[in-house]
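Student: any chance you can model this:
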Amino acid sequence: QFQLVESGGGLVQPGESLTLSCAASGFTLDYYAIGWFRQAPGKGREGISCISSDDGRTHHADSMKGRFTISRDTAKNTVYLHMNSLKPEDTAVYSCAAGPSCWSSVYDYWGQGTRVTVSS
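Tutor: This next block holds a predicted model:
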């Protein structure tokens with residue numbers, strides 16, 4: 001069974017850092033582009049970062065550059081989203097997804113999401 005499981009969310013204060021994990025089971029993450037997305041309350045889904053399957057190149061939304069980075073641990077079959085200098089507007093449910101390309105409009109597998117709340 002193909003499955004993605006996110007973890008690492010929680011409540012943090014503004015300015016703090018958090019790392020989210022996206023662990024795969026039933027398939028190898030290296031063969032897929034892995035994207036991180038988020039959905040804030042009352043808003044649509046937003047793409048954050050993506051790591052390509054072939055060359056491991058990373059891509060980030062302009063608004064996230066410098067604060068968010070994506071990385072992959074092949075041995076653990078896990079992709080991470082490292083978030084720094086968190087702001088209250090980063091509060092959202094964060095999800096990872098596996099697809100054929102970082103530019104795909106449709107991703108094949110989605111995790112259930114992990115909630116991040118940034119508040120003092």
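Student: for E89, see how far away G15 is.
Tutor: Remark: distance between G15 and E89 (C-beta to C-beta, to the nearest Å) = 13 Å. Any C-beta I mention is one placed from the backbone N, CA and C, and that applies to glycine too.
Student: most centrally placed residue in this protein?
Tutor: Centroid-nearest residue in the chain, with C-alpha atoms, centre = their mean: W36, separated by 2.7 Å.
Student: okay, that residue: pLDDT?
Tutor: pLDDT, W36: 97.
Student: partners of it in the sheet?
Tutor: S49, C96 (DSSP bridges).
Student: now do the buried residues in stretch 57-69.
Tutor: Neighbour counts using 16 or more other C-beta atoms under 10 Å place H59, H60, M64, F68, T69 of stretch 57-69 among the buried residues.
Student: please apply the same query to stretch 82-91.
Tutor: M83, L86, D90, T91.
Student: so which of those residues sit within strands?
Tutor: M83 (DSSP state E).
Student: in JSON lines: the buried residues of stretch 82-91, plus pLDDT and distance to G111.
Tutor: JSON lines is the format used below for the buried residues of stretch 82-91 (pLDDT from 0 to 100; distance: C-beta to C-beta, whole Å):
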{"residue": "M83", "pLDDT": "97", "distance to G111": "16"}
{"residue": "L86", "pLDDT": "97", "distance to G111": "20"}
{"residue": "D90", "pLDDT": "96", "distance to G111": "18"}
{"residue": "T91", "pLDDT": "97", "distance to G111": "18"}
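Student: export the buried residues of stretch 82-91 as CSV, with columns for distance to D73.
Tutor: Output for the buried residues of stretch 82-91, formatted as CSV (distance: C-beta to C-beta, whole Å):
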residue, distance to D73
M83, 17
L86, 22
D90, 23
T91, 26
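Student: partners of the helix or strand of the chain with the lowest mean pLDDT, with directions?
Tutor: Within the chain, no helix or strand scores below strand 58-60, which has a mean of 92 by mean pLDDT, DSSP states H and E. Strands that pair with strand 58-60, judged by DSSP bridges, come out as strand 45-51 (antiparallel).
Student: lovely, talk soon.
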